[in-house]
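> pasting the structure only:
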């Protein structure tokens, strides 16, 4: 294993950032600076077109946060080098003086304990210096494997993306640095029959380097098989059904149905019903749910958040009871709680919000076979398409690509697609009656707050059995 | 900066390049109820470079490319390392050769009218826009969270074939969360209004529509179980519906085989009400107006479907070249000719008018569509009542011949066309007690 290297750029300007902090400190009650240097490549191979581009997560710049008389302002900038501290101070000061004239909510200054911290994660193979031809060669092999798997496959997209993240956080009491890398890969077979085109995707992701590509091959047979099944899929008869959720769909429910509803900035804005249910039963007593940035190592992991608070693990639901939520610095201050280390930004250009990291249902004790056998008429739902939160009214909207019909405890072979899952979240969670043993996490996509503010997360869980409306 | 990067590129081994620089001067206000949670300022320079590398194998010409970000703080040495890395990366991308736009193919730059946002500093506009929102506050109605962004963006584009452009634009957004306190608790509706020019009357209309919808949602009943009930699809779902055709008729989708449409093909049999869809680079106040596309081509209006027949393909330079199509450039505003449906045509029988979804989506490849209903109106033939919950789902291919379009048109954001669609043969999943599995 090798350590993910520090950013030479951040190292080179750290002294100048400390000068800027010293210039800002006399004028403000609190000042902090987050420096970000993130880079990565995205490779895509398909029959007719390939591409190589810098990752959408690539980012290099800084954000200053300032408190004055309880008012909070921020300034994002990226044209800053050695010798620029005074010029940058003047620009920020000019903005802050004007911006602070508004009618603000007032927040106490963060109660930071002194901390100096530097951490670099390990990866097996660092792809940042990797030969593009070699990586494309690996993707081409996966492509060939996918198209040879079934004659219906007319093309396949094979995607591999790595992202290396370096961040530093500076305040009068904190000097933090972290460096880590995550990767994700997709296998997307495209199948055709009588002019009808369907596609499906399987994803792998994690705190990995180039070694992640090797984990993609075993996904191919099942994904191609299921994509071909979609060609004969029927529309589902709308109604309420017994439902088995795959780990992927369990994660979607954990994330969309409940995770967004316990982001505590939504409590402050009176946008989440969850604030009224702390200490109350919201799920069956067999259900527990967590959000863990550390020590879980997955796509949503980190060691400190974008406000300099250390990452940890939050027990959200404990045996059916809502225990607590996820907070950023401002929501924790307002609610007089300790921040949980969930303050995250899409980029140095964006604001921090309370956000999830790796969110999952904890394991149970049922076997998948027992769960299937227990269903009189229902569906096993798999392959996430999309989801949307509604924490104010606890409505769920989630869409899956595929449902397998189960009657009298056995699969009938009938496939339905797509499957729109809707319902009242506490009903869905209280109707969870069986949970399997193994937790699987998937972090192949990203999470938005509403329709923007994207951050990298993972979600998952074991198989769960519940009831939902399907359409 | 442009000259500096150009010089580095001229000393590299790339076969061609394009460079876009965007400078952003932005301000963002975040409000909880009527007070600021935070103000943010931005001064950011973003540099995107694509390098191309030509090579031959077995007498076939290929053109690889790689796109990278450069940063204003990079030294010449750092930029050179990254450019060389990109050239090496482009050499591994084996795509059929295609030309780059040159001065002879690029076209003349057209920008819209001068934005009113130019009258003040972006920071000053935040309080102006906040006042435009707050004045709609009334009894039972709160704006729990409002985010107001405005930025002035200055662009420079240059490529290796001699094209150079520069232009300014404004990009604004109001994210509004409207909460209404009803007898059975509070409900909210959430939306993002994006714009490129200042129009208080337009914003008033958007906010009033959201407030009225939230008031109706507060009074709404659960969506009943409905069978064989037509759906009137309105608001944001309509442009999303037509965006399926825009995607399917791009050269990229056709070339990659995920589109089954062909030029000259009749895609709809209904001759009483024919569809005509155009893709246009400019619509008033649209946040998606395009001055040039990603390749540096000034896009032209493209009629993709005319009187039910595929007339043209939206062609970027790479995939348009592969398909031997005229290069149209890529833009995304959609205009659709009106239909002939008026209220009296549909109010004789029950229908469900769905206006607000959690997130109405259309799968651009399969045409499957659906969304969870946040607000709809159910008309039972006598009365029209607000309903919520449940979902509407369907497939475009199943309704292509039968869907109807309103005579009345709207212009909103990136869309100008029929105000609503009338759909039969779609699934409505209600949440009434009789709605169990069958």
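On my side now, so go ahead. If you're wondering where the values come from, they're calculated on a predicted model, not measured in any experiment. Residues are numbered from 1 along each chain as shown, chains lettered A, B, ... in the order given.
> For the stretch 1-150 of chain B, which segments are assigned as strands?
For the stretch 1-150 of chain B, applying DSSP state E, counting those that start in this stretch gives strands covering B:16-32, B:35-57, B:60-70, B:141-159.
> Including mean pLDDT, mean neighbour count and distance to residue B:127, could the ones you listed go into a markdown table?
No exception for glycine: its C-beta is placed from N, CA and C like everyone else's. Converted to a markdown table, those look like this (pLDDT from 0 to 100; neighbours: other CB atoms under 10 Å in any protein chain shown; distance: least, CB to CB, whole Å):
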| stretch | mean pLDDT | mean neighbour count | distance to residue B:127 |
| --- | --- | --- | --- |
| strand B:16-32 | 98 | 21 | 8 |
| strand B:35-57 | 97 | 20 | 10 |
| strand B:60-70 | 97 | 20 | 33 |
| strand B:141-159 | 96 | 20 | 9 |
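> Residue A:46 is nearest to which of these?
In terms of CB to CB, the element of those nearest to residue A:46 is strand B:60-70, at 14.4 Å.
> does any bit of that closest one sit next to chain A?
Yes: in terms of CB under 8 Å from any CB of the partner chain, part of strand B:60-70 sits within range of chain A, namely B:64, B:65, B:66, B:67, B:68, B:69.
> one step back: pipe the strands of the stretch 1-150 of chain B into JSON lines and attach distance to residue B:228 per row.
Formatted as JSON lines, these follow (distance: least, CB to CB, whole Å):
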{"stretch": "strand B:16-32", "distance to residue B:228": "45"}
{"stretch": "strand B:35-57", "distance to residue B:228": "48"}
{"stretch": "strand B:60-70", "distance to residue B:228": "50"}
{"stretch": "strand B:141-159", "distance to residue B:228": "37"}
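> where does residue B:110 land on pLDDT?
At residue B:110, the pLDDT value in this model is 69.
> Relative to chain B, which residue of the stretch 251-400 of chain A is the closest?
residue A:397 (3.5 Å; CB to the nearest CB).
> The helix or strand harbouring residue A:453 versus strand B:141-159: what angle between them?
Following DSSP states H and E, one finds residue A:453 within strand A:452-456. In terms of direction (axes from the mean of the first three to the mean of the last three CA atoms, to 10 degrees), strand A:452-456 departs from strand B:141-159 by 70 degrees.
> Name the spans of chain B whose pLDDT lies under the cut-off.
B:104-107, B:110-112, B:432-438 (pLDDT under 70).
> what sits against residue A:140?
A:45, A:158 (CB atoms under 8 Å, 6 or more residues apart in numbering or on different chains).
> Which parts of the stretch 301-438 of chain B are strands?
B:302-306, B:309-310, B:333-336, B:351-357, B:361-362, B:368-379, B:384-388, B:391-395, B:404-405, B:409-412, B:415-418, B:420-423, B:427-429.
> Tell me which of those approaches residue B:247 most closely.
Going by CB to CB, the one of these nearest residue B:247 is strand B:361-362, 8.9 Å.
> how about the strand holding residue A:453: buried residues?
Judged by neighbour count (16 or more other CB atoms under 10 Å in any protein chain shown), strand A:452-456 contains these buried residues: A:453, A:454, A:455, A:456.
> pretty sure the third one is touching residue A:342, no?
What it means is residue A:455. No: at 10.0 Å, residue A:455 does not count as touching residue A:342 under the criterion of CB atoms under 8 Å.
> For residue 186, grab the count of nearby residues.
Going with chain A. When neighbours are counted by other CB atoms under 10 Å in any protein chain shown, residue A:186 registers 21.
> Oops, wrong one, chain B.
Neighbour tally, residue B:186, other CB under 10 Å: 18.
> Got phi/psi on it?
phi -90, psi 150 (degrees, to the nearest 10).
> Which helix or strand contains the spatially closest residue to it that is not a sequence neighbour?
Setting aside the residues directly before and after it, residue B:186 is nearest to residue B:179 in space (CB to CB, 6 or more residues apart in numbering or on different chains), at 5.3 Å. Assigned by DSSP H and E, residue B:179 falls within strand B:164-182.
> now swap in residue A:421 and tell me
Per DSSP H and E: residue A:421 is located in strand A:419-424.
> What strands flank that strand, and is each parallel or antiparallel?
strand A:395-407 (antiparallel), strand A:464-470 (antiparallel) (DSSP bridges).
> Following element in sequence after the first one, please.
Along the chain past strand A:395-407, the next helix or strand (assigned with DSSP H and E) turns out to be strand A:410-416.
> Is that following strand in proximity to chain B?
No: applying CB under 8 Å from any CB, one finds strand A:410-416 separated from chain B by no less than 11.0 Å.
> in that strand, what's buried?
A:414, A:415, A:416.
> average model confidence for it?
Computed over strand A:410-416, the average pLDDT equals 97.
> just checking, what packs against it?
If you count contacts as 3 or more CB pairs under 8 Å, 6 or more residues apart in numbering or on different chains; DSSP states H and E, strand A:410-416 packs onto helix A:368-373, strand A:395-407.
> Tell me which residues are up against the shortest one.
Here helix A:368-373 makes contact (CB under 8 Å, 6+ apart) with A:244, A:380, A:406, A:409, A:410, A:411, A:434, A:436, A:463, A:465.
> Can you pull up the residues of the stretch 201-350 of chain B that come close to chain A?
Checking the stretch 201-350 of chain B against chain A by CB under 8 Å from any CB, the hits are B:252, B:255, B:256, B:257, B:258, B:260, B:319.
> Tell me which residues touch residue B:197, please.
By CB under 8 Å, 6+ apart, the residues touching residue B:197 are B:112, B:113, B:115, B:116, B:117, B:170, B:284, B:285.
> Tell me the buried residues in the strand holding residue B:179?
Buried residues in strand B:164-182 (16+ other CB under 10 Å): B:165, B:169-180.
> ok, the closest residue to the residue of the stretch 251-400 of chain A closest to chain B other than its chain neighbours - how many residues close by?
Closest residue to residue A:397 apart from its sequence neighbours, by CB to CB, 6+ apart: residue B:372 at 3.5 Å. Using other CB under 10 Å, the number of residues around residue B:372 comes to 29.
> and if you look at residue A:122?
So residue A:122, with other CB under 10 Å, has 13 neighbours.
> my read: it touches residue A:180, true?
No: contact criterion CB under 8 Å: residue A:122 and residue A:180 do not qualify, at 9.2 Å.
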